[in-house]
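I would like the atomic coordinates for the input below:
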Amino acid sequence: MRLWREKGKSMRIVIAIILAALTAIGIASIILGGGVFVPLVGAIVAGLAVTYTIFSLGTVGLGEVAALTRLGKPIANLPKGLYFAPWGLYRVQKELKTLFQDELPSDPENIYRGDDVAPAGKFPPIRQKFGPPNPLDTDLVNDPYNVEMVAEVVPVVAWRITDALVFFDVVGTVANCRKMMADKAIKPITEDLAGMTPAKALKMLNSLNQRVKNELVTETTGWGIELRDGYIKQFNFSHGLNTSVEGVSIAGQNAKAVGLTADGEQQRLLKTGLATKNSDGTITLVPDAKTKAQTDALKKLSKLKGTLVLGNASTVLDVNKPNKGEDE
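Just a heads-up that it's a prediction; the model follows:
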């Protein structure tokens, strides 16, 4: 690789010398040549040499990293400032050297959540299946997110290019680097989150983030980048799921309220003597005096036969009147 770089540098020097010589010859022909033909040829030669030189010059800015490529192969890093890359033979690839902070696999506006194939320029989200609740996690029993479910997981990375030559040779582009990091981030996410619920994952988020960062640092070694940070963004639960969880929580609270009300009413009935508790835990209501008198009266009425007049004789009932054909 070093020899390849040195050859590239030597070739550029040779080309620069040739261009300078052609320019000098052209200018000399214009000045010293007699007639019309020699000065004209000299002007053309000098003009072409100068034009080619101008097209081959460029600069690397303070906020950029750049690599010189020949026949598509990166061969050398270019420092900031002016460079000479003979046009048609060499090419310069540049990128920002500032810190990138990316959500993976892409920015939120580029995420496609449809069920079919994502359109060009769009990416499907990273959907993770969370595991069932652990009976030992007693502190999460009443957490509505302590359930098995599928939710979106968004890794976030902060990184910058440190070696343009290696970066363009190994990774190629910033977009491809993001895709590769997204693929690498899936491994620790899947391994860790598949064995816990979202509620437990949120509780352990700091340790999970450290695992994701360590994994990405290891996996991106040799990419020509420096990974400053890597972590999991707060889980992106769908609006429908949040509504459902909220509904379950409200229903649970209502059920508790109904249960507490029923328990309170039961205790009141027992304390006031309006109910008795049976040996099997059930209770039997004890009627008050008025209700008991009415019940006893109705029992006596069951033995009567004939006509019963209630109130002001507006209501007349036939009591135990035999059916037609029976003895009266």
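
how far away is the spatially most central residue of the chain from residue 67?
Geometric centre of the chain, nearest residue: residue 154, 2.6 Å, by Cα atoms, centre = their mean. As judged by Cβ to Cβ, to the nearest Å, residue 154 and residue 67 stand 31 Å apart. The way it works is simple: take the backbone N, C-alpha and C, and place the C-beta from them, glycine included.

rewinding a little: so what's the residue nearest to the centre of the chain up against?
With contact set as Cβ atoms under 8 Å, 6 or more residues apart in numbering, residue 154 has these partners: 103-104, 125-126, 232-233, 236.

Then residue 11?
86, 89.

Can you tell me the element it falls in?
helix 2-32 (DSSP states H and E).

Could you tell me whether residue 38 really is in a helix?
Yes. Counting by DSSP: H, G, I helix; E, B strand; the rest coil, residue 38 falls inside a helix.

What confidence value was assigned to the nearest residue in space to it that is not next to it in sequence?
Nearest non-adjacent residue to residue 38, counting by Cβ to Cβ, 6 or more residues apart in numbering: residue 29, 5.3 Å away. pLDDT recorded at residue 29 is 89.

wait, what's in contact with residue 29?
Counting by Cβ under 8 Å, 6+ apart, the residues that residue 29 touches are 38-39, 41-43, 45-46.

any idea how far it is from residue 22?
From residue 29 to residue 22 the distance is 10 Å (Cβ to Cβ).

which residues do those two both contact?
45-46.

didn't residue 97 look like it was pressed against residue 61?
No. Residue 97 is not in contact with residue 61 according to Cβ atoms under 8 Å; the separation is 9.3 Å.

who has more neighbours, these two?
More neighbours surround residue 97 than the other of residue 97 and residue 61, with 18 against 12 (other Cβ atoms under 10 Å).

Which residue is the nearest non-sequential neighbour of that one?
residue 65 is the one closest to residue 97 (Cβ to Cβ, 6+ apart), at 4.4 Å.

what secondary structure does the one you found sit in?
strand.

Neighbours of it, how many?
25.

In contact with it: list those residues for me.
Here residue 65 is in contact with 77, 94-97, 161-164, 167 (Cβ under 8 Å, 6+ apart).

could you flag which of these are buried?
Among the contacts of residue 65, those classed as buried by 16 or more other Cβ atoms under 10 Å are 77, 94-95, 97, 161, 163-164, 167.

Pull the most distant pair out of these.
Between any two of the buried ones among the contacts of residue 65, the greatest separation by Cβ to Cβ is 13.8 Å, found for 94 and 163.

Distance check, the residue nearest to the centre of the chain against residue 232.
From residue 154 to residue 232 the distance is 7 Å (Cβ to Cβ).

buried ones in stretch 38-50?
39, 42, 45-46, 49.

thought residue 199 was touching residue 146?
Yes. Taking contacts as Cβ under 8 Å, residue 199 lies within contact range of residue 146: 3.9 Å.

Can you check which residues contact both of those two?
In contact with both residue 199 and residue 146: 133, 137, 140, using Cβ under 8 Å, 6+ apart.

Can you add neighbour count, pLDDT and secondary structure and give those back as TSV?
TSV is the format used below for those (neighbours: other Cβ atoms under 10 Å; pLDDT from 0 to 100; DSSP: H, G, I helix; E, B strand; the rest coil):
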residue	neighbour count	pLDDT	secondary structure
133	18	91	coil
137	15	91	coil
140	18	91	helix
